[in-house]
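Student: below is the structure, and that's it, no one-letter string:
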């Protein structure tokens, strides 16, 4: 017979509940981690790199030469407009102006003209002032016609062209994409968003925030 009294051989019920609680907490932590990780993977798979933006050297609204390297290191947003556009360009520029105010200062914006023969730096400067563009933050970029067309079509994989005479009377001389383009830290296109659609822009902000937090610095 053991000399240990029966009362001493009983397992403390508080100890049992403590062990059970620790196990349950571990299970919950593990489950939440897997759930978080799965969410991150889903978002990453929704934004695989599309392609590398072509290198460029263009003039901004101040006449400075701006290259792709200007945007290296942080995600940035591009769109396409022309200053004498009677169509959606005004709304797109207002959208970019709102993004300039609402996004972190490190996020730069680039508006590429589809009408470079007219949109020379002095014209772009006036247009930039109209939309309160901050120097060094929001760039309005122009170059020669061939360079701009190649950059938009091959670099951003978007359409651009001239409207016929009748359509040009109401929509302007050029037809172009109304997309906003989210570009990552390394200059890779991640996703396109309809710049005239509030829900699409709201999603872009979420995707941008995810990129800034999870996409490693180059």
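Tutor: Done, it's in. Computed from a prediction, not measured in an experiment: that's the story for all the values here.

Student: so what sits opposite the residue nearest the centre of the chain in the bridge?
Tutor: For the chain, residue 182 is the residue whose C-alpha lies nearest the centre (C-alpha atoms, centre = their mean; 3.2 Å). In this entry, residue 182 is beta-bridged to residue 77, residue 191, by DSSP bridges.

Student: which ones are touching it?
Tutor: 47, 75, 77, 189-193, 204, 207-208, 211 (C-beta atoms under 8 Å, 6 or more residues apart in numbering). The C-beta positions use only the backbone N, C-alpha and C, and glycine is treated the same way.

Student: most neighbours, which of those residues?
Tutor: Neighbour counts for the contacts of residue 182 (other C-beta atoms under 10 Å) peak at residue 77, which has 26 neighbours.

Student: would you agree that residue is in contact with residue 104?
Tutor: No. Counting by C-beta atoms under 8 Å, residue 77 stays clear of residue 104, with 11.7 Å between them.

Student: quick check: residue 76 touching residue 106?
Tutor: No. Applying C-beta under 8 Å, one finds residue 76 not in contact with residue 106, separated by 9.3 Å.

Student: please report how far the residue nearest to the centre of the chain lies from residue 61.
Tutor: Distance, residue 182 to residue 61, by C-beta to C-beta, to the nearest Å: 22 Å.

Student: repeat for residue 155
Tutor: Distance of residue 155 to residue 61, computed by C-beta to C-beta: 20 Å.

Student: neighbour count for the two, which is higher?
Tutor: With neighbours defined as other C-beta under 10 Å, residue 155 and residue 61 compare such that residue 61 has more, 25 against 22.

Student: ok, the more buried one - contacts?
Tutor: Neighbour list for residue 61: 121, 124-125, 127-128, 133, 139-140 [criterion: C-beta under 8 Å, 6+ apart].

Student: assumed residue 146 was part of a helix.
Tutor: Yes. Assessed by DSSP: H, G, I helix; E, B strand; the rest coil, residue 146 belongs to a helix.

Student: show me the contacts for it.
Tutor: So residue 146 contacts nothing (C-beta under 8 Å, 6+ apart).

Student: same check, this time on residue 212
Tutor: Contacts here follow C-beta under 8 Å, 6+ apart; on that basis residue 212 touches 74-75, 104, 107.

Student: farthest pair within those?
Tutor: Farthest pair in the contacts of residue 212 (C-beta to C-beta) is 75 and 104. Separation: 9.6 Å.

Student: thanks a lot, catch you later.
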